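Peer 1: give me the fold of what follows.
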Amino acid sequence: MKNLVIILSFLFAATAQSQSKHINTKKGYAAQGYDVVAYFNGDAKVGNKRLVATHEGAEYKFATQENLDAFNDNPDKYVPQYGGYCAYAVALSGKKVNVDPMTFEIRDGKLYLFYNAGKTNTLELWLDGSPDKLKVKADKNWAKVLGK
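Peer 2: Below is the predicted model of the structure:
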């Protein structure tokens, strides 16, 4: 029985690791600790370390209990696209590029995060390009990243 518990624990840990492998957890949390539900209200808010949920092996922080509850009710509605990596970079090259969590877009009910440093704001490049075409490219490239 003890061996079965050890094996099951190992399998659970391996599954969580493989799921979170493609989620940007810079600073220890998905979306760098920003509240992914708050983005849908137009706000980029840092979450509270006392309000945390785990989804697909990654931890998410929330600014309010209401946002935590909303996430727990339907996490797939709120998780950032492309594992929380820069949507523009995924579209252009299929690369996982870190983001500025203050630079985001909600498009068709989905959260997209973008790199923004120095003179490069990829959200502006995304919007200046054709976001719908870039999204199609990003979806295809992300499937390759995931090995699908």
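Peer 1: what segments of this structure are strands?
Peer 2: Under the criterion DSSP state E, strands of the chain are mapped to 48-55, 58-62, 100-107, 110-114, 116-117, 120-121.
Peer 1: looking at those strands, which is nearest to Ala91?
Peer 2: strand 110-114 (10.0 Å; Cβ to Cβ). C-beta: built from backbone N, CA, C; applies to glycine.
Peer 1: ok now the closest one, how far from the chain's centre?
Peer 2: Relative to its parent chain, strand 110-114 has a centroid offset of 8 Å by Cα atoms, centre = their mean, to the nearest Å.
Peer 1: residues contacting that strand, please?
Peer 2: Contact with strand 110-114 is made by 24, 31, 36, 39-40, 78-82, 84-88, 99-101, 103-106, 121-123, 126, as judged by Cβ atoms under 8 Å, 6 or more residues apart in numbering.
Peer 1: now these: which count as buried?
Peer 2: Among the contacts of strand 110-114, the ones that count as buried by 16 or more other Cβ atoms under 10 Å are 24, 31, 36, 39-40, 78-82, 84-88, 99-101, 103-105, 121-123, 126.
Peer 1: thinking again about what came up before, among the contacts of strand 110-114, which lie within helices?
Peer 2: Residues of the contacts of strand 110-114 located in helices (DSSP state H): 78, 87-88, 122-123, 126.
Peer 1: hang on, the earlier thing: which one of the strands of the chain lies closest to Gly94?
Peer 2: Of all these, it is strand 110-114 that lies closest to Gly94, at 15.6 Å by Cβ to Cβ.
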